[in-house]
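Participant: Sequence first, then the predicted structure:
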Amino acid sequence: MRGRRRFRTAVATATAALLCAGALAGCSSGAPEKLAPGGSTPPPTPTSSWNASPASLAAVGDSITRAFDACSLLSDCPEASWATGTDAAVNSLALRLLGPEKAAARSWNLARTGARMAELPEQMTAAAARKPELVTVMMGANDACRPTPALMTPVADFRASFTAALARLRTAAPKAQVYVASVPDLKHLWSTGRLGGAAGVWDLGICGAMLADATNLGPEAERRRTTVAERVDAYNGVLAEVCAKDERCRYDGGAVHRFRFDGAQLSSWDWFHPSRDGQARLAELAYRRITAE
């Protein structure tokens, strides 16, 4: 009896081993392979459609993209723009991507000094009309830089305008790629500039919500600055979330917000807008993100 039991046990074990090695491969200790509907194996993950070498570029945004105060007092200096400038010292995004000859004919700066997010849909419509392969967006600092925090653009309005802007682009230029820069860290600008003698210039009316009464370290002034910083964080959250829903949009991941502009990268006239050096840093940040595989 014991011999028969041993024989039956050995036969059962061998049969199970053969079955697992053949038709029932799922008997292995690992997780079974997941099948697509209908029992077929799942298709491979599609590769990214992002083109790291776009052949044309339109820039939308505000005074930063217009290089305001980068060359002379109270003036735009588009030749020094991080996005479309021709100044070799800045080495703009257009120069890096297209080269000097093509940049002149295949890049367009449609930004406007003083613009806020509510204007972006209109600018995006103008950009789409050029049928660019890439559109750069740097917008939002003016939405926070109001005379007082109470006048800052509500986050919901900011989101609605940015969403509408991308929708307009998709309607008129569905294959255009978009690079979205984060809003700079305005509180860092305050902490850097207030030690460099910028307070007197800022009191003339530059970004009052954050920069007014710059030497005041009292609790009320600190609460005001914190309110502005939190609003900037909220704006950047919107940019990231809305961009993530568009397969042809790349947010900078907060790179511009994290960049620590110092005296060399800020305009010597207002200690707020990027200097030529600052514009060059913005161009480098954008180029890295756009050309990343």
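Facilitator: Noted; the coordinates are in hand.
Participant: contacts and neighbour counts: CA atoms only from here.
Facilitator: OK.
Participant: list the contacts for the spatially closest residue to residue 107 that is not a sequence neighbour?
Facilitator: Using C-alpha to C-alpha, 6 or more residues apart in numbering and skipping residues adjacent in sequence, the residue nearest residue 107 is residue 57, 4.6 Å away. Applying C-alpha atoms under 8 Å, 6 or more residues apart in numbering to residue 57 gives the contacts 84, 94, 106-108, 132-136.
Participant: Same check on residue 131?
Facilitator: For residue 131, the contact set (C-alpha under 8 Å, 6+ apart) comprises 173, 176.
Participant: got the residue ranges for the helices in the stretch 51-200 of the chain?
Facilitator: Along the stretch 51-200 of the chain, the segments classed as helices by DSSP state H, counting those that start in this stretch run 93-106, 120-129, 141-144, 155-172, 186-193, 199-202.
Participant: re the thing from before, partner residues bridging the residue nearest to residue 107?
Facilitator: Residue 57 forms beta bridges with residue 107, residue 134, as assigned by DSSP bridges.
Participant: what is the rounded mean pLDDT of the host helix or strand of residue 242?
Facilitator: Take DSSP states H and E as the rule and residue 242 turns out to sit in helix 219-244. For helix 219-244, mean pLDDT rounds to 98.
Participant: for that helix, which positions count as buried?
Facilitator: The neighbour-count check on helix 219-244 (16 or more other C-alpha atoms under 10 Å) flags 221, 224-225, 227-229, 231-240, 242-243 as buried.
Participant: Report how many residues lie close to residue 184.
Facilitator: Neighbours of residue 184 under the rule other C-alpha atoms under 10 Å: 24.
Participant: quick one: contacts for the residue nearest to it when sequence neighbours are not counted?
Facilitator: In this structure, residue 184 finds its nearest non-sequential neighbour in residue 257, 4.1 Å apart by C-alpha to C-alpha, 6+ apart. Residue 257 sits next to 182-185 when contact means C-alpha under 8 Å, 6+ apart.
Participant: Just the pLDDT at residue 257, thanks.
Facilitator: Note on residue 257: pLDDT of 98.
Participant: Quick check: buried residues in the host helix or strand of it?
Facilitator: Per DSSP H and E, residue 257 falls inside helix 255-258. For helix 255-258, burial by neighbour count (16+ other C-alpha under 10 Å) applies to 255-257.
Participant: next SSE after that helix?
Facilitator: Proceeding N to C from helix 255-258, the next assigned helix or strand is helix 276-291, under DSSP H and E.
Participant: other SSEs contacting that next one?
Facilitator: Contacts defined by 3 or more C-alpha pairs under 8 Å, 6 or more residues apart in numbering; DSSP states H and E place helix 276-291 against helix 93-106, helix 255-258.
Participant: hmm, who's touching it?
Facilitator: Contacts to helix 276-291, defined as C-alpha under 8 Å, 6+ apart, come from residues 51-53, 67, 70-71, 80-83, 89-93, 96-97, 179, 181, 250, 252, 255-256, 261, 264-267.
Participant: Drop the exposed ones from the residues you listed and show what's left.
Facilitator: 51-52, 67, 70-71, 80-83, 90-93, 96-97, 179, 181, 250, 252, 255-256, 261, 265-267.
Participant: does residue 58 really touch residue 132, like I thought?
Facilitator: Yes: Residue 58 is within contact range of residue 132, at 6.1 Å (criterion: C-alpha atoms under 8 Å).
Participant: tell me the phi and psi of residue 194?
Facilitator: For residue 194, the backbone dihedrals (degrees, to the nearest 10) come out as phi -60, psi -20.
Participant: Hmm, it is touching residue 215, no?
Facilitator: Yes: the pair residue 194 / residue 215 is scored as a contact, 6.5 Å apart, by C-alpha under 8 Å.
Participant: So between the two, which is more surrounded?
Facilitator: Taking other C-alpha under 10 Å, residue 194 and residue 215 do not tie; residue 194 has more neighbours (19 against 16).
Participant: Let me see the contact set for the more buried one.
Facilitator: By C-alpha under 8 Å, 6+ apart, the contact list for residue 194 reads 214-215.
Participant: confidence score at it?
Facilitator: 84.
Participant: And for residue 159?
Facilitator: Looking at residue 159, the pLDDT reads 98.
Participant: Can you verify my assumption that it contacts residue 238?
Facilitator: Yes: the pair residue 159 and residue 238 passes the contact test of C-alpha under 8 Å, sitting 6.0 Å apart.
Participant: I'd say residue 190 and residue 214 touch.
Facilitator: Yes: counting by C-alpha under 8 Å, a contact exists between residue 190 and residue 214, whose distance comes to 7.1 Å.
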